[in-house]
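Q: output the structure for:
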Amino acid sequence: MGSTDPLTRRHLLVRGRVQGVGFRWFARGEAETLGLSGWVRNREDGTVEAEAEGDAQALTTFVERLRVGCPSARVDSIEERTSDPRGGRGFEIRR
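A: Numbers count the residues shown, from 1 in each chain. A predicted model of the protein is given here:
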């Protein structure tokens with residue numbers, strides 16, 4: 001990522017067997033590897049929600065890696081929408 005690359009932010013809703021399988025930790029690790037900021041959390045309906053921010057290529061790679069998921073997960077779908085960048089550092093797991 002170059003310093004002139006514009007930041008993009010994506011809101012993601014991941015459906016499938018994604019709770020109780022280490023998916024949030026997997027997502028955080030992938031985000032950190034790609035230099036993304038944001039957060040990930042479990043929702044009461046069994047989905048996982050995330051927001052990630054960085055350059056467009058890193059975000060595309062992040063979503064591709066989430067589609068594959070960690071070994072014990074099964075990702076059925078990912079709903080995506082773009083939102084305004086907010087800045088920030090790090091990628092956290094929220095409760």
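Q: now V63: phi and psi?
A: phi -60, psi -40 (degrees, to the nearest 10).
Q: what about it, how many residues close to it?
A: Using other Cβ atoms under 10 Å, V63 has 17 other residues around it. Quick note: C-beta positions are derived from backbone N, CA and C, even for glycine.
Q: wait, a strand at R24?
A: No - using DSSP: H, G, I helix; E, B strand; the rest coil, the assignment for R24 is helix, not a strand.
Q: surely it meets R95?
A: No - counting by Cβ atoms under 8 Å, R24 does not reach R95; the two are 10.0 Å apart.
Q: okay, those two: which has more neighbours?
A: R24 (23 against 6).
Q: and that one, what does it touch?
A: With contacts defined as Cβ atoms under 8 Å, 6 or more residues apart in numbering, R24 is in contact with V40, R41, N42, V48, I93.
Q: rewinding a little: got any residues that touch both of R24 and R95?
A: R41.
Q: P6: what's it in contact with?
A: D55, A56, P85.
Q: now do the second one: how many residues are near it, please.
A: Residues near A56, counting by other Cβ under 10 Å, number 14.
Q: I figured it hits R10, correct?
A: No - applying Cβ under 8 Å as the test, A56 and R10 come out as separate, 9.3 Å apart.
Q: which helix or strand contains R81?
A: Element membership for R81 (DSSP states H and E) is strand 74-83.
Q: what's that strand packed up against?
A: strand 8-17, helix 56-68 (3 or more Cβ pairs under 8 Å, 6 or more residues apart in numbering; DSSP states H and E).
Q: which of these sits most buried?
A: Most buried of the helices and strands packed on strand 74-83 by mean neighbour count (mean count of other Cβ atoms under 10 Å) is strand 8-17; its value is a mean of 18.
Q: can you list the residues that contact it?
A: 23, 38, 46-56, 59, 63, 66, 69, 72-86.
Q: what are the pairing partners of it, and which direction each?
A: strand 48-54 (antiparallel), strand 74-83 (antiparallel) (DSSP bridges).
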